[in-house]
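Q: Have a look; sequence and predicted model below, questions after that.
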Amino acid sequence: EVERNMFYRHKASLMYDYRAIGLAFTLVEIPFLILASMVFVVLWYFTVGFAMNAGKFFLYWLFMFLSLAVFTFLGQGFMAVFPDSQTAQGFGSILIGMSGIFGGILIRPQFIPPFWEWGYWLFPLHYVLEGLFISQFQGDNTTIVASYGSPFFSAVCPDVGPGDPIPSNCTGTAEEWIHVSFGGMWVPENIPYDILYLCGAIVVARVMVLIGLMKKNYLAA
């Protein structure tokens, strides 16, 4: 808010226009986003024991970078469009809350009621999580023991009925667990679309900033 109000005064003095500060707001964040996402991924990735595979590592980092960028730039967009930081933070909280609800974890994609499916496709978190999960567990043959009565159990041991003894080989892989747990909706073929959506969300956020700086002047109100 302070930087935005400073821009209003500079704009009134004809020092520079909205495109200059919009570009500055973008460029100044990029080194931070790259560094912050890389530090987190390096510390987290190897600590939890993800695959020692360069392709999977950099794909994981890419989705973390895009996630930080989307929410950072949307925050800037809200700040440019709304009159004060309290209002911008309120809308930011709505965005984060709705993203959490429709991200595919609290409510799995296959269980979201049809009326609310727009939230699953609109909010960005589901695209981030799908990319993070699929980038790591595609081709992962780690053994997962199926819990009796779970959807995964029904998928890997479909012939075991109530009261039947549970065979010792009633197991599947991590890749199969992801496929079953998310209703077959999170698949490797979606990764390019996830990246495309997140890049599009960043563009929308930057357009919000430019429109807000060009059309709004809350100091003059």
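A: Structure received. Numbering: from 1, shown residues only.
Q: in this protein, which spans are helices?
A: 2-12, 18-47, 54-81, 85-101, 117-122, 125-137, 151-156, 174-181, 191-215 (DSSP state H).
Q: Pipe those helices into a markdown table and attach mean pLDDT and mean neighbour count per row.
A: Where you see a C-beta, it was placed from the backbone N, CA and C, and this is true even at glycine. Converted to a markdown table, those look like this (pLDDT from 0 to 100; neighbours: other C-beta atoms under 10 Å):
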| stretch | mean pLDDT | mean neighbour count |
| --- | --- | --- |
| helix 2-12 | 63 | 14 |
| helix 18-47 | 89 | 14 |
| helix 54-81 | 92 | 19 |
| helix 85-101 | 90 | 14 |
| helix 117-122 | 94 | 13 |
| helix 125-137 | 94 | 22 |
| helix 151-156 | 82 | 17 |
| helix 174-181 | 90 | 19 |
| helix 191-215 | 91 | 16 |
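Q: Switch those helices over to CSV; also include distance to residue 165.
A: Putting these into CSV (distance: least, C-beta to C-beta, whole Å) gives the following:
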stretch, distance to residue 165
helix 2-12, 67
helix 18-47, 39
helix 54-81, 38
helix 85-101, 40
helix 117-122, 39
helix 125-137, 30
helix 151-156, 14
helix 174-181, 22
helix 191-215, 40
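Q: Mind checking the ones you listed for the one nearest to residue 168?
A: helix 151-156 (12.6 Å; C-beta to C-beta).
Q: helices or strands next to the closest one in the packing?
A: If contacts are counted by 3 or more C-beta pairs under 8 Å, 6 or more residues apart in numbering; DSSP states H and E, helix 151-156 sits against strand 171-173, helix 174-181.
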